[in-house]
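Predicted model and sequence follow; I will ask about them next.
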Amino acid sequence: MAKIVVLALLLLLPCLLTVGHAMEFEGLKHIRTQTSSITQAQAVTDLIGRLLPADKAKAFHVTVDASIGPANRDTFKLSSDGITVNITGTTGVAAAWCFQIYLRDFCRCHVSWAGTQLDLPAKWPVVMPARSNTVPNRFRYYQNVCTVSYTFAFWDWSRWEQEIDWMAMNGINMPLAFNAQETIWQKVYLKLGFTQDELNAHFAGPAFLAWGRMGNMRGWGGPQPDSWYTGQLALQHQILTRMRAFGMIPVLPAFAGHVPNGITRIFPNANFTRLSDWGKFDDQYCCTYFLEPSDPAFQIIGKAFIEAQMDEYNGTEHIYNGDLFNEMLPSIGDPTYLASCSKAVYDAIVAGDKDGIWLMQGWLFKKTAFWDRDRVKAYVQGVPQGKMIILDLQAENRPVYSRTDSFFGQPFIWCMLHNFGGNDGLYGMLDAINEGPFEGMKFADSTMIGTGLTPEGILQNEVVYALSTDVSWRENPVNVTQWLTDYIHSRYNYVSDKINHAWYLLQGSVYNCTDDHESHNKMEIVVRPKIKHLDPYIWYNWTQVADAWALMVQAAPDVINSTLFKYDFVDVGRQVLQDLAHIYYNNLTAAYHAKSVDKAMTYGKKMTDLLMDMDTLLCSDSHWLVGTWIEAAKALGTNDAVSDGYTAMFRFTLACRNMDRSSKGLRNQ
């Protein structure tokens, strides 16, 4: 009997080891940076040099020393005598986070997507005794597979460099690195005998890569010019080099079964199906070929893809993301079949990389009518325990771990999705993201190993992301009201009762969603016109947002030189006008149905005047100009024809998924 007990304990060992609040999995112990401490420290020193003037940057002394904290738990130590600021981190990411903490909490500075507030003090604030912090979870994940199209599609290295700096300063140590996978696929498929014409019909264009990669469409927006393949590969090398320099663990793509139609020629006996029509496309662009995971060709292609990446990138960090059924249902619901599907993905990964770990988005499990407990359990347990990581993609609103016994023993990352479609409307669940990660850690037999940000689009609602990344380094929830007061002090470098009260109103209204509303901007100002009464897509008292804006108007003369205040001022004003449009629109449609020409003309003019007012407001800040995005797409082209193609595809993402406009827009902005 004793031997049986010992054997059982050994079998359960991956799920029994804990450090602090978090579970430790033996199968993940090899997942760590291979970058030297010296290189990581230099990466952070270089970041500081990019952000601060040279005479200020030289005051910082950065060291990376893994011994200052527990294994697999990023830790930093901070001290300053007023002349030299000493930063020590277990990794470059920990050191960069420490640098950001010093700027924010001691210098009252701020770094964000919308800009920086770097009004540095004349003398460096003293930090004595030294301050230290150890993160409660191992991983901080970043990105959604859709972000590449909603936000990143036409970024160059200069913009990517800024983003990776932002990642490091916000503690991100596991970012998705999905660039250039079409270039790798091109090498793999051509070697297997596919033709370039077949690849052209399969790969989506740059602005639609996310949905092409997920099998939702094929070929739309393509073919890609040769310069795209070479340019993206060069960019990916730069991205990976910098991520690795900070000590991050980049996540690369895995094979998910979506293949060119040439599969019927290369593997004539292969077992494949056609996926459903996801976006109302013509046959040329819809119903991607899906290679059944049980088919031997799945292993051949999947293994070759992993090996090609390892060869191209001088090895990998062993974590690969692949999603078989993203917003698509499996053709068979039998649990045995589902287990075989997940096993095939994992087997293909480890065939190419024996130390490979499969990371998957848990988004598919939101379709609860299909994914009951038995099916979820079969799917996740088709992979050896601790050899996959599941992103609980929208845990702040619709957690899956709590209805699946913590994913039936597989490690998961608690993620905040927050944004759908790159929409710009104000939205947040500050209380949920403040408390949710700690609920995940305290859940019975929790297998939570980290936190993550998984927005479909970024560059919006910056306060939400600032709180989420801050909480990921804490042992307990914060007082959100006090946290907001400190946040706006650092963001604006200004203290004002009016501004504090404005943000208090925003905290209690638009940033306090407690129901099923999500960040889908469905207000009249952006949706397709309909001559009928529309219910407001509002979870808050919109007059509180209007009162907040009025307070910001009153405070503006004293803080208008703050570029970040100006950005927020425009953002809140845009929201107020958007909400006001709802009233005007319903009055207009009511007048139409009542056949009151005078009232219809009155409210029609109010609507058009409001649109012009919103346009004037948004034009006052370059962050809100569509031309900024168009110029980025244009600049990425190597000649006029390519630039014109890129800008055309970007415009289509704003308006519609397909040419005949039979489907709703990818963006509502």
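Thanks, I have the structure now.

Assess the claim that residue 198 and residue 264 are in contact.
No - using CB atoms under 8 Å, residue 198 is not in contact with residue 264; the gap is 10.2 Å. To be clear about C-beta, it is placed using only N, CA and C from the backbone, and glycine gets the same treatment.

for the stretch 351-500 of the chain, what spans make up the strands?
357-361, 388-392, 412-416, 448-453 (DSSP state E, counting those that start in this stretch).

Those into CSV, with extra columns for distance to residue 481 and mean neighbour count?
Putting those into CSV (distance: least, CB to CB, whole Å; neighbours: other CB atoms under 10 Å) gives the following:
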stretch, distance to residue 481, mean neighbour count
strand 357-361, 33, 24
strand 388-392, 27, 27
strand 412-416, 20, 28
strand 448-453, 22, 26
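
tell me the phi and psi of residue 263?
Taking degrees, to the nearest 10, you get phi -60, psi -30 for the backbone angles of residue 263.

Residue 424 versus that one, what's the distance?
40 Å (CB to CB, to the nearest Å).

Residue 41 too?
Using CB to CB, residue 41 is found at 38 Å from residue 424.

swap in residue 358?
Distance from residue 358 to residue 424, by CB to CB: 34 Å.

who does the nearest residue to residue 139 once chain neighbours are set aside bridge with?
Counting by CB to CB, 6 or more residues apart in numbering, residue 139 lies nearest to residue 450, which is 3.1 Å off, once chain neighbours are set aside. Applying DSSP bridges to residue 450 yields these beta-bridge partners: residue 139, residue 413.

Surely residue 450 and residue 142 touch.
No - using CB under 8 Å, residue 450 makes no contact with residue 142, being 10.7 Å away.

where do the contact lists of the two overlap?
When CB atoms under 8 Å, 6 or more residues apart in numbering defines a contact, the residues bordering residue 450 and residue 142 alike are residue 174.

related to what we said a few turns ago, neighbour-wise, which of residue 198 and residue 264 wins?
Shown here are residue 198 and residue 264; by other CB atoms under 10 Å, residue 198 has more neighbours (19 against 13).

distance of residue 155 from residue 183?
Using CB to CB, we find residue 155 at a distance of 16 Å from residue 183.

ok now do the residue lying closest to residue 435 once chain neighbours are set aside, which residues does it touch?
Setting aside the residues directly before and after it, residue 435 is nearest to residue 477 in space (CB to CB, 6+ apart), at 5.1 Å. Counting by CB under 8 Å, 6+ apart, residue 477 touches 434, 435, 438, 471.

ok, the closest residue to residue 469 other than its chain neighbours - how many residues close by?
Using CB to CB, 6+ apart and skipping residues adjacent in sequence, the residue nearest residue 469 is residue 170, 4.1 Å away. Neighbourhood size, residue 170 [other CB under 10 Å]: 23.

quick one: residue 170 and residue 118, what's the gap?
17 Å.

next one: residue 174
28 Å.

do residue 422 as well
From residue 422 to residue 118 the distance is 28 Å (CB to CB).

Between these two, which is the more surrounded one?
Neighbours were tallied for residue 422 and for residue 118 using other CB under 10 Å; the higher tally belongs to residue 422 (24 against 15).

Distance from stretch 462-471 to the middle of the chain?
13 Å (CA atoms, centre = their mean, to the nearest Å).

do stretch 449-467 as well
Worked out by CA atoms, centre = their mean, stretch 449-467 lies 7 Å from the chain centre.

Compute the first-to-last residue distance for that stretch.
Using CA to CA, to the nearest Å, the end-to-end distance of stretch 449-467 comes out at 19 Å.

119 is where my numbering starts, stick with that
In the new count, where the first residue is 119, that last one comes out as stretch 567-585.

what mean pLDDT does it have?
Averaging pLDDT along stretch 567-585 gives 97.

Chain neighbours aside, what residue packs nearest to residue 755?
Residue 755 sits nearest to residue 761 (CB to CB, 6+ apart), 3.0 Å away.

Mind pulling the model confidence for residue 159?
For residue 159, the pLDDT comes out at 98.

contacting residues for it?
Under the criterion of CB under 8 Å, 6+ apart, the neighbours of residue 159 are 180, 181, 182, 210, 213.

Nearest spatial neighbour of the last one, chain-adjacent residues omitted?
If I follow you right, that is residue 213. Leaving aside its sequence neighbours, residue 213 sits nearest to residue 207 (CB to CB, 6+ apart; 3.2 Å).

So what sits opposite that neighbour in the bridge?
residue 182, residue 194.

pLDDT at it, what is it?
98.

Could you report the neighbour count for it?
By the measure other CB under 10 Å, the count of residues near residue 207 is 30.

Got phi/psi on residue 180?
phi -110, psi 130.

wait, it sits on residue 209?
No - counting by CB under 8 Å, residue 180 sits too far from residue 209 to count as a contact (11.6 Å).

out of these two, which sits in the busier spot?
residue 209 (29 against 23).

Apart from its neighbours in sequence, what residue is nearest the more buried one?
Per CB to CB, 6+ apart, closest to residue 209 is residue 365, 3.6 Å.

For my notes, confirm that neighbour occurs in a helix.
No - counting by DSSP: H, G, I helix; E, B strand; the rest coil, residue 365 falls outside a helix, being coil.

Looking at the protein, which helix is longest?
helix 681-711 (DSSP state H).

buried stuff in that one?
By neighbour count on 16 or more other CB atoms under 10 Å, the buried set for helix 681-711 is 682-700, 702-707, 709-710.

and the next element down the chain from that helix?
helix 715-736 (DSSP states H and E).

Can you list the buried residues in that following helix?
Applying 16+ other CB under 10 Å to helix 715-736 flags 718, 721, 722, 724, 725, 728, 732, 735, 736 as buried.

Might you list the low-confidence residue ranges for the stretch 519-668 of the chain?
For the stretch 519-668 of the chain, the stretches with pLDDT under 70 are 637.

Residues contacting stretch 501-509, please?
Identification of contacts with stretch 501-509 by CB under 8 Å, 6+ apart yields 132-133, 143-146, 257, 259, 437, 460-461, 463-464, 475-481, 498, 525, 527-531, 533, 567, 570, 572.

how about a cut-off of 7 Å?
132-133, 143-146, 259, 460-461, 464, 475-480, 498, 525, 527-531, 533, 570, 572 (CB atoms under 7 Å, 6 or more residues apart in numbering).

What separation is there between the most centrally placed residue in the chain and residue 568?
Geometric centre of the chain, nearest residue: residue 261, 2.6 Å, by CA atoms, centre = their mean. Applying CB to CB, the value for residue 261 to residue 568 is 14 Å.

what do you get for residue 695?
According to CB to CB, residue 695 and residue 568 sit 39 Å apart.

got it, and residue 641?
35 Å.

cool, and residue 710?
Distance of residue 710 to residue 568, computed by CB to CB: 53 Å.

Please apply the same query to residue 368.
On the measure of CB to CB, residue 368 and residue 568 end up 15 Å apart.
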